[in-house]
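Peer 1: Sharing a model prediction with you, sequence too.
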Amino acid sequence: MDEKDDTQPESQQVGVDPAELTRTISELKRELDELRGRNVELENRLSGKDPRAVQDVSVPVEAATTISDMDATLRRLVQRIAMILQAEKVLMMFFDREAGELMGIPPAYGLDEDIIRMVRVRATHGISGEVFREGRPTIFHDAVTDKRTEGDPFSLLHVHNGVTVPLVIEKRDDENRVIDRTTIGVLHAFNKRHGEDFNDEDVHLLERMAKSAASIISNLRLYQEIVEEKEELLQTLESLYAGLVVTSNEGRVTQMNASARAIFNVTSEVIGRDVRDVILDDEIRALIVSAQEGNEGNQTEATISTDGRMERTYNVQSAQVKNEEGRQIGVVTIFNDVTELKNIERMKSAFVATVSHELRTPLTAIKGFVSTLLMNDDFPEEDRREFYTIIDHECDRLTRLINDLLNIARIEAGESLKPHYSDVDVRALCKKVALIQQQASHNHQLVLDAPDEFPVIVGDEDKLDQIVTNLVSNAIKYSPEGGKVTIHLKMDDDHVLIGVQDQGIGIPKEHLSKVFDRFHRVHNEDNRKIYGTGLGLFLVKHLVEQIHLGKVWAESEVGVGSTFWVRIPIQLDVAKAEELNK
Ligand code: ADP
């Protein structure tokens, strides 16, 4: 017994002293009870997947320390087992139900972590399997000759002899009677020191220690599961698109997800602060108070703008949060961004107003001239011609509007505007459009800026006409002071560029890409008196992208003018385009 083991000094000091043993065991028991108590408390708090249970954000920190506490206790326990049993190595194996295997789990004693993780035995094999299945401890004196060790990874672990006991969790009732036993794995002590052999006393001791170990392991696992579940839930809430704020009964913020923090422009440091410091909007505050008081159906619409950002509108709902016993633990408030919906609503009513106007104006003109013609037969031929021309013109305007509306309806329904492809002389087409549009205004000077030789492209002539007509009529419409409207034609690799440039009111930067959205119109002093439906450019974009596989964009400077560019291939891939517009 005088052989000194430097790596395990304690083992020499403690020895197998029964008094010391009893003390150790009771000490461990106390530690365990304490942990169990804390565990139960946490379990109660975290029980269920209900978001209502997530009111306490301080839990993860507390959980982590407790887990490491438990882990440390387990490590100490394993060390003590080695000391008390005078074993060189101690290994715990846990039953992995899915794999049907017992696998090594840390902490161990006298074995590398890497090795522990490699240790696996089928639950039908070896001494490990036998002890696990039968729930009875066993001793083996010679790992090499003992037939039962077949399948155990004992040579990998350099095992000569050992004692193996089941790791059993016992559930007890109030009177401390065992009501349920589950075997979760096995506990091995290997290689009795000083060349000795394990005996029945060792079995007895190890069985007692195994109870504590099993209990800690199961608590640890339960605990980890709870923590992981909670983490998952927190992550889910954190990444919700809707903003979410949870407040305690005292009105303190206990949770605020990323969306909510962005809405109120705050960091996660707001946790624990009075919600009134975070949410300044009176209406939302009142909503939270109302939910706190137990009222139902707390809902409002609030417009929130944080400095420097655009205003956004939220649908806000507050509800009381109760725990499983029905006790109120706080209030949850959800913010849904309805800005886009509101915008569409607004645009739709503006659209109805403008369409009515666009319908009424030509109709009024038509009716006016027809009535005049009916009332009086002796207008000079020249006047009559002028009246008829105006009527003709207004009828065209009506037809255009109705066609636009029908086309939009078709695009929205996902139908195609059936293309008819042929060779198109873009130069001739633009020249024709310029001539026709010049009729509409004497205030504007229409110019074609194109090389004499310009390629004939493959496209849908009617629709190309619509595109250019639309852009040119916009150029005229949005330069009320008159000026030059230039149609540029350019080559760009295997594409042609059609540009329509005006010297009009221009488009503010933030609207440049949006003008292609349906119903989108710029509303400002310059635009106020210019009527339109906000549909023209939406159609243009569709005709360019979908029918001609091209691109359209706008360049503009407010007060100077705008240029709309269309870029389409010279040799359209007709098969591809037809497939796309089937
Ligand atoms: P509409 O002209 O019927 O309103 P469009 O879809 O053709 O609809 O145009 C959308 C918006 O884009 C217009 O309301 C206007 O604000 C802006 N816009 C279009 N073309 C021009 C242009 N050439 N110059 C200035 N603004 C323009």
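Peer 2: Sure, I can see it.
Peer 1: Could you use CA atoms for every contact and neighbour count after this?
Peer 2: Will do.
Peer 1: for stretch 481-501, what is the average pLDDT?
Peer 2: Stretch 481-501 comes out with an average pLDDT of 96.
Peer 1: and it, how far apart are its ends?
Peer 2: For stretch 481-501, the first-to-last residue distance is 15 Å (C-alpha to C-alpha, to the nearest Å).
Peer 1: what comes into contact with that stretch?
Peer 2: For stretch 481-501, the external contacting residues (C-alpha atoms under 8 Å, 6 or more residues apart in numbering) are 427, 430, 434, 443-451, 468, 471-472, 475-476, 502-504, 561-571.
Peer 1: at 6 Å instead, please
Peer 2: With contacts defined as C-alpha atoms under 6 Å, 6 or more residues apart in numbering, stretch 481-501 is touched by 443-450, 502-503, 562-570.
Peer 1: what about it, near the ligand?
Peer 2: No. For a cut-off given as C-alpha under 6 Å from any ligand atom, stretch 481-501 has no contacts with the ligand; the smallest distance is 7.5 Å.
Peer 1: Run the chain-centre distance for that stretch.
Peer 2: Its chain's C-alpha centre and that of stretch 481-501 lie 43 Å apart, by C-alpha atoms, centre = their mean, to the nearest Å.
Peer 1: Report the buried residues of it.
Peer 2: For stretch 481-501, burial by neighbour count (16 or more other C-alpha atoms under 10 Å) applies to 482-490, 495-501.
Peer 1: all strands for the stretch 51-200 of the chain, in order.
Peer 2: Secondary structure of the stretch 51-200 of the chain by DSSP state E, counting those that start in this stretch: the strands cover 87-96, 101-109, 120-122, 138-140, 162-172, 178-192.
Peer 1: Among the contacts of stretch 481-501, which ones are in strands?
Peer 2: Among the contacts of stretch 481-501, the residues falling in strands (DSSP state E) are 444-449, 562-569.
Peer 1: Pull the most distant pair out of the buried residues of stretch 481-501.
Peer 2: 482 and 495 (31.1 Å; C-alpha to C-alpha).
Peer 1: Near the ligand, which residues of this structure? Just list them.
Peer 2: Within the chain, the positions lying close to the ligand (C-alpha under 6 Å from any ligand atom) are 474-475, 478, 504-507, 515, 520-522, 532-538, 562.
Peer 1: Now the stretch 251-400 of the chain against the ligand: closest residue?
Peer 2: Taking C-alpha to the nearest ligand atom, the ligand has its nearest neighbour within the stretch 251-400 of the chain at residue 354, 8.6 Å off.
Peer 1: Measure how buried that residue is and give me the count.
Peer 2: 17 (other C-alpha atoms under 10 Å).
Peer 1: so what's it up against?
Peer 2: Contacts here follow C-alpha under 6 Å, 6+ apart; on that basis residue 354 touches residue 533.
Peer 1: Using the centroid of the protein, identify the residue furthest from it.
Peer 2: Note on the chain: the largest C-alpha distance from the chain mean falls to residue 378, namely 74.1 Å (C-alpha atoms, centre = their mean).
Peer 1: can you confirm it is in a helix?
Peer 2: No. The assignment for residue 378, made by DSSP: H, G, I helix; E, B strand; the rest coil, is coil rather than a helix.
Peer 1: where does it land on pLDDT?
Peer 2: 84.
Peer 1: what about the closest residue to residue 521 other than its chain neighbours, how many residues close to it?
Peer 2: Distance criterion C-alpha to C-alpha, 6 or more residues apart in numbering; nearest residue to residue 521, sequence neighbours excluded, is residue 534 at 5.4 Å. Residues lying near residue 534 (other C-alpha under 10 Å) number 21.
Peer 1: One more: residue 467?
Peer 2: Based on other C-alpha under 10 Å, the number of other residues close to residue 467 is 20.
Peer 1: again with the one 4 residues further on
Peer 2: Residue neighbour count, defined by other C-alpha under 10 Å, stands at 24 for residue 471.
Peer 1: And residue 214, by the same measure?
Peer 2: 25.
Peer 1: same deal with the one 3 residues further on?
Peer 2: In terms of burial, residue 217 registers 21 neighbours under the definition other C-alpha under 10 Å.
Peer 1: Would you state the helices of the stretch 151-300 of the chain in chain order?
Peer 2: When assigned using DSSP state H, counting those that start in this stretch, the helices of the stretch 151-300 of the chain occupy the ranges 200-238, 258-263, 275-278, 282-292.
Peer 1: any weak-confidence spans in the stretch 251-400 of the chain?
Peer 2: In the predicted model of the stretch 251-400 of the chain, residues 306-309 satisfy pLDDT under 70.
Peer 1: 80 - rerun?
Peer 2: Scanning the stretch 251-400 of the chain for pLDDT under 80 picks out the ranges 305-310, 346-348, 350-351, 353-354, 357-358.
Peer 1: Nearest the geometric middle of the protein, what residue?
Peer 2: Nearest residue to the geometric centre of the chain (C-alpha atoms, centre = their mean): residue 239, 5.4 Å.
Peer 1: Leaving aside the residues adjacent along the chain, what's closest to residue 449?
Peer 2: residue 488 (4.7 Å).
Peer 1: Partner strands of the helix or strand that contains that neighbour, with direction?
Peer 2: Taking DSSP states H and E as the criterion, residue 488 maps to strand 483-492. Strand 483-492 sits in its sheet next to strand 444-449 (parallel), strand 495-501 (antiparallel), going by DSSP bridges.
Peer 1: ok, back up a step: okay, and which of the residues of the chain next to the ligand map to helices?
Peer 2: 474, 475, 536, 537, 538 (DSSP state H).
Peer 1: how about residue 562, what does it touch?
Peer 2: Residue 562 neighbours (C-alpha under 6 Å, 6+ apart): 501, 502, 506, 555, 556.
Peer 1: Among the residues you listed, which one has the most neighbours?
Peer 2: Highest neighbour count within the contacts of residue 562: residue 502, with 30 neighbours (other C-alpha under 10 Å).
Peer 1: For that residue, which non-adjacent residue is closest in space?
Peer 2: Nearest to residue 502 is residue 485, by C-alpha to C-alpha, 6+ apart, at 4.6 Å.
Peer 1: and that neighbour, what are its bridge partners?
Peer 2: Listed by DSSP bridges, the beta-bridge partners for residue 485 are residue 446.
Peer 1: Ok, the one 10 residues further on next?
Peer 2: When bridges are assigned using DSSP bridges, the partners listed for residue 495 are residue 492, residue 569.
Peer 1: Point out where the stretch 51-200 of the chain drops to low pLDDT.
Peer 2: 51-70, 171-172.
Peer 1: and the gap between residue 215 and residue 515?
Peer 2: To residue 515, residue 215 is 68 Å away according to C-alpha to C-alpha.
Peer 1: With residue 575 instead?
Peer 2: Remark: distance between residue 575 and residue 515 (C-alpha to C-alpha) = 30 Å.
Peer 1: more crowded one of these two?
Peer 2: Comparing residue 575 with residue 515 by other C-alpha under 10 Å, the one with more neighbours is residue 515, at 20 against 9.
Peer 1: which residues touch that one?
Peer 2: Residue 515 neighbours (C-alpha under 6 Å, 6+ apart): none.
Peer 1: No more questions from me, cheers.
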